[in-house]
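Novice: Provided below for reference: sequence and predicted model.
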Amino acid sequence: MTDRTSAALRPTAGALRLVEASTTRPRSVDISRYARKMTAHCPYLAPSLQRGLTTWTVYRAAGDAEAVEAELFHAGVQAAEWLRPLLNRPHGLLRCENIVLLGDAPGARHRDLMAWPHWVLKNLYGPIGVMFGKFYAGEQEVTAAGHRIPAAPASFLPVRAAIRRRDPRFLSATPDLAAALAAADDDGRDIIQHIPTEWTDIRTWARNLLPPAKPSPSSPDTPASPPPSSSSATAAAPAPGNSTAPRPPSR
């Protein structure tokens, strides 16, 4: 962890409280049955579970929406940096760390809390071959092929190795990111060195990465939300995937 990501230096520290450190069998949320069901939709998950390479870190929201967003971002950076050196080791492609979100922030759904952290993280880490997804508690997902995915028992951000031959096609709404992911190479760079330090500034920086908005016939002067990409992009193998407009892509 760098000085920039140290909790002691962040004004939002404490907005996301650790419930359980990384574990294959969390006790605070019943995830085992869901994970087993998801093996039918992901060929990487069963061997990952068998080898104990799918892990879950559980947090509880304990602050306002903006502070929780900021801490989700930092939790994602921590997870990705932990994962990076492991991806080139034996069975590295089977590793997946999942960031679970429990609790609520006033006036914000989990969908709202996770949208910007997810968008920032996948743009930062996609070019080095680390993929982020997102799932929302109780929401039914549908793959690009029309298959229903079991509803997740909790909201979470999966973090795992990108599958370069497959994942880019799930990012059709963000072609630049898809191209970067297809050519991904981890050269050891400091991922957050050249981005702002404050979360509000990071989000502003990330807004510039949104694909061009299509004009809305009903509101020609208001940028439309970017189109979503396939749900399968967040069916993140090996794992079972108060914001202001414009919004990041929903997938």
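Specialist: Done, it's in.

Novice: Wait, Gly103 touches Ala65, no?
Specialist: No. With contact defined as CB atoms under 8 Å, Gly103 does not reach Ala65; the gap is 12.0 Å. Every residue, glycine included, has its C-beta placed from N, CA and C.

Novice: Between those two, which is the more surrounded one?
Specialist: Counting neighbours by other CB atoms under 10 Å for Gly103 and for Ala65 shows that Ala65 has the greater number, 19 against 14.

Novice: Give me the pLDDT for the more buried one.
Specialist: Ala65 is assigned 97 on the pLDDT scale.

Novice: wait, it sits on Ala105?
Specialist: Yes. Here Ala65 lies in contact with Ala105, judged by CB under 8 Å, at a distance of 4.3 Å.

Novice: tell me, what's touching those two both at once?
Specialist: Leu113 (CB atoms under 8 Å, 6 or more residues apart in numbering).

Novice: following the helix or strand harbouring Lys37, which helix or strand shows up next?
Specialist: Assigned by DSSP states H and E, Lys37 belongs to helix 32-38. As assigned by DSSP H and E, the chain's next helix or strand after helix 32-38 is helix 45-50.

Novice: Extract the C-alpha trace of the following helix or strand past that next one and format it as CSV.
Specialist: Counting by DSSP H and E, the next helix or strand C-terminal to helix 45-50 is strand 54-61. What follows is strand 54-61 as a C-alpha-only set of coordinates in CSV (Å, rounded to 0.1, in the frame of the first residue of the first chain):
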residue,chain,number,x,y,z
THR,A,54,-11.9,-17.4,-4.9
THR,A,55,-11.9,-15.2,-1.8
TRP,A,56,-14.2,-12.6,-0.3
THR,A,57,-13.5,-9.5,1.8
VAL,A,58,-16.6,-8.1,3.4
TYR,A,59,-17.1,-4.4,4.3
ARG,A,60,-20.0,-2.5,5.8
ALA,A,61,-21.0,1.0,4.7
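
Novice: If we ignore the residues flanking it in sequence, what's nearest Leu49?
Specialist: Spatial nearest neighbour of Leu49, excluding adjacent residues (CB to CB, 6 or more residues apart in numbering): Ala35 at 6.2 Å.

Novice: got a list of contacts for the helix or strand that Val159 is a member of?
Specialist: Using DSSP H and E, the element containing Val159 is strand 155-161. For strand 155-161, contacts defined as CB under 8 Å, 6+ apart pick out 56, 72, 76, 79-80, 83, 87, 92-93, 95-101, 110, 114, 117-118, 121, 129-137, 234, 236-241.
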